[in-house]
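K.L.:
need coordinates for the below:
(2 chains)
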Amino acid sequence: MAQTITINPVTRIEGHAKITLHLDDQGKVADAMFHITQFRGFEKFVEGRPLREMPSIMARICGICPVSHLVASAKACDELLAVEIPAVAAKLRRVMNLAQLVQSHALSFFHLSSPDLMLGMDADPKERNIFGLIAKHPEFARDGILLRKFGQQIIERLGGKRIHPAWVVPGGVNEPLAEQTRNEILSEIPGALAIARRTLEWFKSIAPKFEEEIESFANFPTMHLGLVGPRGELEHYDGAMRFCNEDGEKIVDLTEHRRYDEFIGEFVEPWTYLKFPFFKKRGYPDGVYRVGPLSRLIVADRCGTPLADHELTDFRLRLGRAPMSSFYSHWARLIECIYGCEKLVQLLEAPDILDEYVQSRASVNRLEGVGVSEAPRGTLLHHYRIDRNGQMRWLNLIIATGHNNLAMNRGIKQAAERFIRAEKIEEGALNRVEAVIRAFDPCLSCSTHAWGQMQLLMQLRGPQGELLHELRRD
Amino acid sequence: MPPTIPTPHSFTLTIDGQDVTATVGQSILQVANEHHVEIPTLCYLDGLSVWGGCRLCMVQIVGQARLVAACATAATEDMQVVTQSPQLHDYRQTILQMLFAERNHICSICVANGHCELQSWGQKLGVDHIDLPYRYPDLDVDSSHPRFRLDHNRCILCTRCVRVCDEIEGAHTLDVMGRGIQNMIIHDLNEPWGDSTTCTSCGKCVHVCPTGALSEKGTSVAEMVKRRQFLPYLTVMREAK
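P.N.:
Reported below is the predicted structural model:
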């Protein structure tokens, strides 16, 4: 008897989605689909707007990672102005981007995913959340909240506010860094670094307990994409787009980002608002690749900071050069938090960081521009076309969650095959399917645009559509 | 010969119960400004002719049923002016709400964010909601000029730009076209700004504009600070001639 199970919406992720699982006559999972149920529409309503507004408009795509959109958008605008931005402006943008990385990773790991890890995948859903965590493990929860606050406060200090700061502009940034601000941030880094390090130690100690999840959380070979620096180091702001194969070997380093469409194609499926990017040379859907913290650690040769490199070595010794299970994204996130803290020190101690010339001025010099940066969730690409007067005519955005779309769909199928039993849906099984998605840390409001209420409905229906079993979580 | 009664050059009236002195020819708004009584305005700008279009400066005059625009009403002797009342507050809030609802005022991404008179009056007068349905008109942005930009989405049709171009610069490049809700600011005979043969590119219109409708190109969000010191300076220097 063929059946369909719907998980709607998926909880503890950024945005709104539903999952449909189709069961065949034997009650086995035949297919799994991850539907993004909202429409973003930004491509349409920015038409005609001046390019200088773009970073601020684009930042509104998301309240979690506005800085990522600010940075990618400002970089696309830099290309349209054809300017080289002051070196200190690039450093300051990096500071804000890393602050964003740390705060977002803290949110993803502590607030959204750690309830599964700390309280158990099968724990009561009423308690399996950040509040349950605060009640049972207050010290751990406090660490998470403090680490997120650390990143958010850097953003606020630089840009005047935590969400949607207007500080990153085409040509650079609009205010230099004050010495006092620099010192305040520097004084807080040791505390944040200590949190990241002790959390990573804890994660390493509990990871072996999740053997079953590791094996079935999108654990299949795919290609990976991420930015790398000139010496192959971990990179989040600039550098080459590196595609690696399933073994972590380099396929191509793309330094001219505007040639991205020679490598990335986008496929549209009728059942979701999120497109499916794929690696063109392998076609759709074989050209599946992943982005994000785990992919960044796979494509990079090294991190480039001492503690993070030490952890990366340990990571590779334990798991190999290219571990494929998305469960390890949590591990990668914590290594990146350590990297972020170390890199912030390097940047803020640079001798020119307080320079006051922070913005290059120019008018439109090019009609097409591409900006690429690494958002916490993976590679983010903004592609703009403007007219001669500097007004937007067309844009394309490829968001991290989009890059991961194919892999997420395969990942939930794999987990569903493992955990879903047709006779009766266990709440814990449902949660594991969601947890695969959570491991990718998708941002659906970025990848499309969203509003609505969070609840969860999973239904098991018979071939005639009759309701066999229902689980609801409000 | 009968004795002539000299016309008094100055006289007294009351504003909000306070006795104030005025000279002949002054408007209620000018008298209020001199005595540090704040009356909200948008279309009025010291140094330009009076337009009286925005109606934000409406005040009550004791003994008159009808409200009057303080900028366009001469102060007279023994006049009793009321500038603050619940009714006036309501009217002013409604006027601001109508301005916000009429076109697309998106403060958060506007070049004039933080330097906008419409925004600051909205804040001062407590406009925290717009009860009217937004119109969301589909309006163009004219970026054809090499230095300046006109964004009709942010325009409140105060005509300060039209007046400064005509009265101070003497070019009269700008004017208003259309009727009622279809009113639009135009350049010359409704041509793109960049094609205008009369515009001197002086930029006065940009700096008198109370909102982000007129801006300098190259400014990002919240970077368009308006500098209006030139206006009283030019006015005084021309009068002195």
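K.L.:
can I see the domain layout of chain A?
P.N.:
A:3-40+A:409-473, A:42-402 (automatic domain parsing).
K.L.:
any idea which of those has the lowest pLDDT on average?
P.N.:
Lowest mean pLDDT within the domains of chain A: domain A:3-40+A:409-473, a mean of 70.
K.L.:
give me the element the closest residue to A:Thr181 other than its chain neighbours is part of.
P.N.:
Spatial nearest neighbour of A:Thr181, excluding adjacent residues (Cβ to Cβ, 6 or more residues apart in numbering or on different chains): A:Arg157 at 4.9 Å. C-beta: built from backbone N, CA, C; applies to glycine. Using DSSP states H and E, A:Arg157 falls within helix A:138-159.
K.L.:
nearest spatial neighbour of A:Ala407, skipping sequence neighbours?
P.N.:
Closest residue in space to A:Ala407, ignoring its immediate chain neighbours: A:Arg290 at 4.7 Å, by Cβ to Cβ, 6+ apart.
K.L.:
ok, which residues in chain B are in contact with chain A?
P.N.:
Residues of chain B found near chain A (Cβ under 8 Å from any Cβ of the partner chain) are B:108-109, B:111, B:113, B:140-141, B:143-144, B:146, B:149, B:151, B:194, B:217-223.
K.L.:
pull out the buried members of those.
P.N.:
B:109, B:111, B:113, B:141, B:143-144, B:149, B:151, B:194, B:217-223 (16 or more other Cβ atoms under 10 Å in any protein chain shown).
K.L.:
helix or strand right after the helix holding A:Arg157?
P.N.:
In N-to-C order, the element after helix A:138-159 by DSSP H and E is strand A:168-169.
K.L.:
packing partners of that following strand?
P.N.:
helix A:66-81 (3 or more Cβ pairs under 8 Å, 6 or more residues apart in numbering or on different chains; DSSP states H and E).
K.L.:
wait, does the helix it packs on contact chain B?
P.N.:
No: remark: helix A:66-81 sits outside contact range of chain B, by Cβ under 8 Å from any Cβ, the gap being at least 9.1 Å.
K.L.:
what's near enough to touch A:Ala74?
P.N.:
For A:Ala74, the contact set (Cβ atoms under 8 Å, 6 or more residues apart in numbering or on different chains) comprises A:55, A:93, A:168-170, A:371.
K.L.:
not counting sequence-adjacent ones, nearest residue to the closest residue to chain A within chain B?
P.N.:
Of all residues in chain B, B:Ser143 sits closest to chain A, with a separation of 3.6 Å (Cβ to the nearest Cβ). With sequence-adjacent residues excluded and distances taken as Cβ to Cβ, 6+ apart, B:Ser143 is closest to A:Asn389, at 3.6 Å.
K.L.:
give the next helix or strand downstream of the longest helix seen in chain B.
P.N.:
Across chain B, the longest stretch assigned as helix under DSSP state H is helix B:86-102. Sequence order places helix B:117-124 as the next helix or strand after helix B:86-102, per DSSP H and E.
K.L.:
number of nearby residues for A:Arg40?
P.N.:
20 (other Cβ atoms under 10 Å in any protein chain shown).
K.L.:
where does it land in three-state SS?
P.N.:
Assigned with DSSP: H, G, I helix; E, B strand; the rest coil, A:Arg40 falls in the coil class.
K.L.:
that one touches A:Tyr273, doesn't it?
P.N.:
Yes: using Cβ atoms under 8 Å, A:Arg40 is in contact with A:Tyr273, at 7.3 Å.
K.L.:
show me what counts as buried in the longest helix along chain A.
P.N.:
The longest helix of chain A (DSSP H) is helix A:179-206. For helix A:179-206, a neighbour-count test (16+ other Cβ under 10 Å) marks A:181-182, A:185, A:188-189, A:192-193, A:195-197, A:199-200, A:202-203 as buried.
K.L.:
name the helices or strands packed onto the next helix or strand after it?
P.N.:
Toward the C-terminus, helix A:179-206 is succeeded by helix A:211-216 as the next helix or strand (DSSP H and E). Judged by 3+ Cβ pairs under 8 Å, 6+ apart, helix A:211-216 is in contact with helix A:405-419.
K.L.:
okay, buried residues for the helix it packs on please.
P.N.:
Buried residues in helix A:405-419 (16+ other Cβ under 10 Å): A:405-416, A:418-419.
K.L.:
just the ones of the residues of chain B next to chain A in strands?
P.N.:
B:141, B:149, B:151 (DSSP state E).
K.L.:
would you turn those into TSV with distance to B:Ser85 and pLDDT?
P.N.:
TSV is the format used below for these (distance: Cβ to Cβ, whole Å; pLDDT from 0 to 100):
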residue	distance to B:Ser85	pLDDT
B:Val141	39	96
B:Arg149	40	97
B:Asp151	35	97
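K.L.:
quick one: the residues you listed as CSV, columns for distance to A:His22 too.
P.N.:
Shown next, in CSV, are those (distance: Cβ to Cβ, whole Å):
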residue, distance to A:His22
B:Val141, 48
B:Arg149, 53
B:Asp151, 50
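K.L.:
grab the most central residue of the chain for me.
P.N.:
Here I'm looking at chain A. By Cα atoms, centre = their mean, chain A has its centre lying nearest to A:Arg377, at 1.0 Å.
K.L.:
looking at chain B here, not the other one
P.N.:
B:Cys43 (1.5 Å).
K.L.:
isn't it right up against B:Thr159?
P.N.:
Yes: counting by Cβ under 8 Å, B:Cys43 does reach B:Thr159; the two are 6.5 Å apart.
K.L.:
pull up the overlap in contacts between those two.
P.N.:
Common neighbours of B:Cys43 and B:Thr159 (Cβ under 8 Å, 6+ apart) are B:51, B:53.
K.L.:
for B:Thr23, give me its contacts.
P.N.:
Taking Cβ under 8 Å, 6+ apart as the test, what B:Thr23 contacts is B:9-11.
K.L.:
just the closest of the buried residues of helix A:405-419 to chain B, please.
P.N.:
A:Asn405 (28.4 Å).
K.L.:
where does B:Tyr44 fall, phi/psi-wise?
P.N.:
phi -70, psi 140 (degrees, to the nearest 10).
K.L.:
ok, now which ones touch the residue nearest to A:Ala407?
P.N.:
Contacts of A:Arg290 (Cβ under 8 Å, 6+ apart): A:222-225, A:326, A:378, A:403-404, A:407.
K.L.:
next, count neighbours for B:Leu118.
P.N.:
Applying other Cβ under 10 Å, I find that B:Leu118 has 25 neighbouring residues.
K.L.:
isn't it up against B:Ala213?
P.N.:
No: the pair B:Leu118 / B:Ala213 is not scored as a contact, 9.6 Å apart, by Cβ under 8 Å.
K.L.:
who touches both of those two?
P.N.:
With Cβ under 8 Å, 6+ apart as the test, B:Leu118 and B:Ala213 both reach B:Ile156.
K.L.:
for burial, what's the neighbour tally of residue 139?
P.N.:
In the absence of a named chain, chain A is used. Neighbours of A:Glu139 (other Cβ under 10 Å): 7.
K.L.:
my question was about chain B
P.N.:
Around B:Leu139 there are 14 residues (other Cβ under 10 Å).
K.L.:
so who does the residue nearest to B:Ser143 touch?
P.N.:
So A:Asn389 contacts A:364, B:143-144, B:194 (Cβ under 8 Å, 6+ apart).
K.L.:
just B:Thr73 next, same as before
P.N.:
For B:Thr73, the contact set (Cβ under 8 Å, 6+ apart) comprises B:27-28, B:59, B:61.
K.L.:
go with 7 Å
P.N.:
B:27-28 (Cβ atoms under 7 Å, 6 or more residues apart in numbering or on different chains).
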